[in-house]
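K.L.:
Give me the fold of what follows.
(one chain, ligands or ions: 3)
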Amino acid sequence: MNPEAVLEEFRSAGALLQGHFILSSGRRSPTFLQKMTIFSDPARTERLCKALAATITARFGKIDIVVSPAIGGIVPGYETARHLGAKAIFVERDPGGPFELRRGFSIPQGTRAVIVEDIVTTGLSARECLASLKGQGGEIVGAACLIDRSGGRGEIGLPLLSLVTLDIPDYAPDAIPPELAAIPPVKPGSRAIPTK
Ligand SMILES: O=P(O)(O)OC[C@H]1O[C@H](OP(=O)(O)OP(=O)(O)O)[C@H](O)[C@@H]1O
Ligand SMILES: O=C(O)c1cc(=O)[nH]c(=O)[nH]1
Ligand SMILES: [Mg+2]
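P.N.:
Numbering: from 1, shown residues only. Ligands and ions are numbered 1, 2, ... in the order given. Just a heads-up that it's a prediction; the model follows:
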């Protein structure tokens with residue numbers, strides 16, 4: 001699937017939003033990719049994740065386990081794993097706490113795992129996911145996401161694949177342009193961000 005076809009999935013689903021968004025990192029942006037609008041449509045999700053699975057296999061070879069950061073990573077992680085013939089597990093957190101592998105999930109010695117994210121903005125969530133896997137026996141060989149909106153600057157600590165790389169502006173909360181500041185902000189994601 002080429003980058004324009006991936007973007008067209010988001011556009012035609014109504015998942016490419018404009019407004020004032022508080023991102024997971026605490027940064028602000030006029031643009032938000034509402035992945036849950038995509039994931040509410042299984043056929044659309046299948047098309048995207050099948051393409052992501054093919055990209056993962058081409059780069060990393062055989063994968064045994066897909067591990068994703070909750071909540072946004074769970075559906076694409078599962079669907080990508082289905083196309084890889086791999087298991088799908090996830091890390092989750094209590095509000096404000098670190099990601100943890102729970103529910104009896106593990107990455108056993110001798111297995112090869114990949115992190116699958118929905119969207120990468122700064123790479124913070126994928127880095128925190130990787131940190132939570134320290135001590136697991138298997139090898140985390142890389143990371144992949146549907147859309148990398150960091151312009152390729154998101155640092156994961158692993159090779160990162162994406163179906164599309166975009167360079168979408170975001171701003172520190174104390175450096176928001178006036179036209180953005182004029183719009184009341186909304187925070188779509190699940191990470192607890194302290195409010196002033
Ligand atoms: O690269 P980053 O700067 O970490 O931003 C991207 C992250 O933001 C979103 O998660 P969020 O924490 O908003 O919660 P969600 O998964 O419940 O949507 C998205 O699912 C990614 O995990
Ligand atoms: O950085 C984020 O929190 C983020 C950006 C985006 O476009 N979509 C999303 O789900 N999260
Ligand atoms: Mg997330």
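K.L.:
Other residues contacting the helix of greatest length in the chain?
P.N.:
Criterion DSSP state H: the longest helix present in the chain is helix 42-60. Applying Cβ atoms under 8 Å, 6 or more residues apart in numbering, the contact partners of helix 42-60 are 1, 6, 9, 13, 38-39, 63, 75-76, 79-80, 82-84, 112, 114, 116, 141-142, 144-146, 159, 161, 163. C-beta coordinates here come from the backbone N, C-alpha and C atoms, glycine included.
K.L.:
How much space separates Arg153 from Thr122?
P.N.:
Note on Arg153: its distance to Thr122, by Cβ to Cβ, to the nearest Å, is 8 Å.
K.L.:
quick one on the thing from earlier: any buried residues in the longest helix of the chain, and which?
P.N.:
Of all the residues in helix 42-60, those buried under the rule 16 or more other Cβ atoms under 10 Å are Arg44, Thr45, Arg47, Leu48, Cys49, Ala51, Leu52, Ala53, Ile56, Phe60.
K.L.:
what's the answer for stretch 64-81, then?
P.N.:
64-70, 72-81.
K.L.:
Just give the nearest non-adjacent residue to Lys62, would you?
P.N.:
Arg112 (6.5 Å; Cβ to Cβ, 6 or more residues apart in numbering).
K.L.:
hang on, that neighbour packs against Ile63?
P.N.:
Yes - counting by Cβ atoms under 8 Å, Ile63 is a contact partner of Arg112 at 5.6 Å.
K.L.:
quick one: average pLDDT of stretch 106-115?
P.N.:
Looking at stretch 106-115 alone, the average pLDDT works out to 98.
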